[in-house]
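*Asks:* Here is a sequence together with a model predicted from it:
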Amino acid sequence: MTKHITVLLDQAVEGLITEPNGFYIDGTFGRGGHSRLVLAGLGEQGRLLGVDKDPEAVVVADALQAEDGRFEIEHGSFADMDAFARERGLEGKVDGILVDLGVSSPQLDVAERGFSFMNDGPLDMRMNTAAGQSAAEWVSSAGEEEMVRVFKVYGEEKFGTRMARAIIAYRAEQPITRTVQLANILAEANPVWPKRKHPATKAFQAIRIHVNNELGDLELMLDRALEILKPGGRLVCISFHSLEDRMVKRFIRQHEKGMDLPKGLPVTDAQLNKRLKSIGKAVKAEAGEVGENVRSRSAVMRIAEKLK
């Protein structure tokens, strides 16, 4: 089994817990690194709900649920955490929400999951392998315009048009079903290979984000988190690429500022409906953590507290 090293573990849990006997949500259970430390910091009356799309993560979570009665798991997206809170009568009463965005090491390193071009496997990329369209299904059916948009918006890939056309030309001859097969098509379509980075990196990221609706789910989660948190409750977000971090940063700033009104209007600060405040500055992994886990080098953690 691939070992998963939890990024920014201590910092995230320290920033999350304000009430040891409160109710918390780990929106990306993964392999339980954050959840286990949260439980260690909770009192006897504290409760933790884990959420994850990945059926393999849910298997790990089921074992933790059997081990610790303060924990329970929901198989689903963190975008639906408002429904999970409502079912428990806890809308507006949640003490803290933690999300660790992106993919986990087991997802990346297990070839059968189809996330990585480093290990050949079926072209899947779905976090929930029981639902949705796989990457292979998408590359076999998407039109050029859609592919270009996905590569450019989600991968910030400037050669998206060349890559889309290369895929369309290749699939006209034979199906694209393997990760290395797709990686080779994308590499050949990339005229400028970046140093120390595979030329298919950005396009793979883009396909993964699209197939899993990662940014759409993140947008929903942020809005819904604000409604289910109680005043004083914390939102802790760990991002791994600029698209995610930009969304989180803008969301926090928007609700710190309050309503966007024309200059000169005679309104008080209280009338601006400010709903969040930042807790500290953005946190990045220190050199020691990066040395132990190179994937932590791109992590950015932001913490906000609900005002009202």
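*Replies:* Done, it's in.

*Asks:* and Cys237, what element?
*Replies:* Per DSSP states H and E: Cys237 is located in strand 229-239.

*Asks:* what mean pLDDT does that strand have?
*Replies:* In this model, strand 229-239 has an average pLDDT of 97.

*Asks:* what residues does that strand touch?
*Replies:* Strand 229-239 is contacted by residues 7-8, 12, 15-18, 92-102, 222, 225-226, 244-245, 248, 276, 279, 299-308 when judged by C-beta atoms under 8 Å, 6 or more residues apart in numbering. Where you see a C-beta, it was placed from the backbone N, CA and C, and this is true even at glycine.

*Asks:* Now the buried members of the residues you listed.
*Replies:* Among these, those buried by neighbour count (16 or more other C-beta atoms under 10 Å) are 7-8, 12, 15-17, 94-102, 222, 225-226, 244-245, 248, 276, 299-306.

*Asks:* Strands - which of the residues you listed land there?
*Replies:* Among the buried ones among the contacts of strand 229-239, the members found in strands (DSSP state E) are 94-100, 276, 300-306.

*Asks:* Out of the residues you listed, flag the one nearest to Asn213.
*Replies:* Distance to Asn213, by C-beta to C-beta, is smallest for Val99 among these, at 14.7 Å.

*Asks:* Give me the pLDDT for the closest one.
*Replies:* 97.

*Asks:* again with Gly46
*Replies:* Model confidence at Gly46 (pLDDT) stands at 98.

*Asks:* Would you mind listing the residues in contact with it?
*Replies:* Listed by C-beta under 8 Å, 6+ apart, the contact partners of Gly46 are Glu19, Pro20, Asn21, Gly22, Phe23, Tyr24, Leu39, Arg70.

*Asks:* The residue lying closest to it once chain neighbours are set aside: neighbouring residues, count only.
*Replies:* Nearest non-adjacent residue to Gly46, counting by C-beta to C-beta, 6 or more residues apart in numbering: Asn21, 5.0 Å away. Asn21 has 12 neighbouring residues, counting by other C-beta atoms under 10 Å.

*Asks:* list the contacts for Asn21?
*Replies:* Taking C-beta under 8 Å, 6+ apart, one finds Leu42, Gly43, Glu44, Gln45, Gly46 in contact with Asn21.
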